[in-house]
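Colleague: Here's my sequence, what's the structure:
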Amino acid sequence: MIRKKCFLPIFRFSKAFSLAWDAKAFLSVQGGITRGAVPDVERHNTQASQSNKQAEKLRNARQLIKEQSKTLRNKDREIFQHKKMRRSKDREIFQLKNELRAMKAGESQIGALPDFVSLTLLSSGRKSVERPLTMNF
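Modeller: I've put the predicted structure just below:
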């Protein structure tokens, strides 16, 4: 079974719509019937110049913001580098203080080689030899 589709009469609808559109366009051209009075040309020019001035101010402000944000990024980068340098200097100071403390306590220098070497074999009495040596130090 084949069904026929129902369509609205397009020609009549578009014709009526077209006539209504033309009437509205005609009325709006005539002395401002639908919109009110026709605006003054001088007023339009002053508003246009004011909006151009405001647009220029906005462009200048955006440019200033871009420059300031770039400067801020550079300063942040410098601060990060200074903090990094300070951490390395703090580490160096810590190591130097430890070395100084060790020297004042009479310990040998950090990283110095021992004065003696003990070579032993397994079960040769290594512990009995090491105990007296480590007790003195």
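Colleague: residue boundaries of the helices in the chain?
Modeller: Remark: helices assigned in the chain by DSSP state H are 10-29, 41-104, 126-135.
Colleague: Any chance of CSV for the ones you listed, columns mean neighbour count?
Modeller: Using the backbone N, CA and C atoms, a C-beta is placed for each residue, glycine as well. Putting the helices of the chain into CSV (neighbours: other CB atoms under 10 Å) gives the following:
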stretch, mean neighbour count
helix 10-29, 10
helix 41-104, 10
helix 126-135, 9
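Colleague: Could you dump those into CSV and include mean pLDDT?
Modeller: Formatted as CSV, the helices of the chain follow (pLDDT from 0 to 100):
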stretch, mean pLDDT
helix 10-29, 64
helix 41-104, 92
helix 126-135, 68
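Colleague: What separation is there between residue 42 and residue 103?
Modeller: Note on residue 42: its distance to residue 103, by CB to CB, to the nearest Å, is 91 Å.
Colleague: nope, residue 71 is what I was after
Modeller: According to CB to CB, residue 71 stands 48 Å off from residue 103.
Colleague: And for residue 127?
Modeller: According to CB to CB, residue 127 stands 31 Å off from residue 103.
Colleague: Then residue 49?
Modeller: For residue 49, the distance to residue 103 equals 81 Å [CB to CB].
Colleague: and what of residue 58?
Modeller: Residue 58 sits 67 Å away from residue 103, going by CB to CB.
Colleague: hey, C-alpha coordinates of stretch 80-93 in PDB?
Modeller: Taking Å, rounded to 0.1, in the frame of the first residue of the first chain, the C-alpha atoms of stretch 80-93 are listed here in PDB:
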ATOM      1  CA  PHE A  80      62.600  31.400  40.400                       C
ATOM      2  CA  GLN A  81      66.200  31.600  39.300                       C
ATOM      3  CA  HIS A  82      67.100  33.500  42.500                       C
ATOM      4  CA  LYS A  83      65.400  30.900  44.700                       C
ATOM      5  CA  LYS A  84      67.200  28.100  42.800                       C
ATOM      6  CA  MET A  85      70.500  29.800  43.400                       C
ATOM      7  CA  ARG A  86      69.700  30.400  47.000                       C
ATOM      8  CA  ARG A  87      68.900  26.700  47.500                       C
ATOM      9  CA  SER A  88      72.300  25.700  46.100                       C
ATOM     10  CA  LYS A  89      74.100  28.300  48.300                       C
ATOM     11  CA  ASP A  90      72.200  27.000  51.300                       C
ATOM     12  CA  ARG A  91      73.300  23.500  50.500                       C
ATOM     13  CA  GLU A  92      76.900  24.600  50.100                       C
ATOM     14  CA  ILE A  93      76.800  26.500  53.500                       C
END
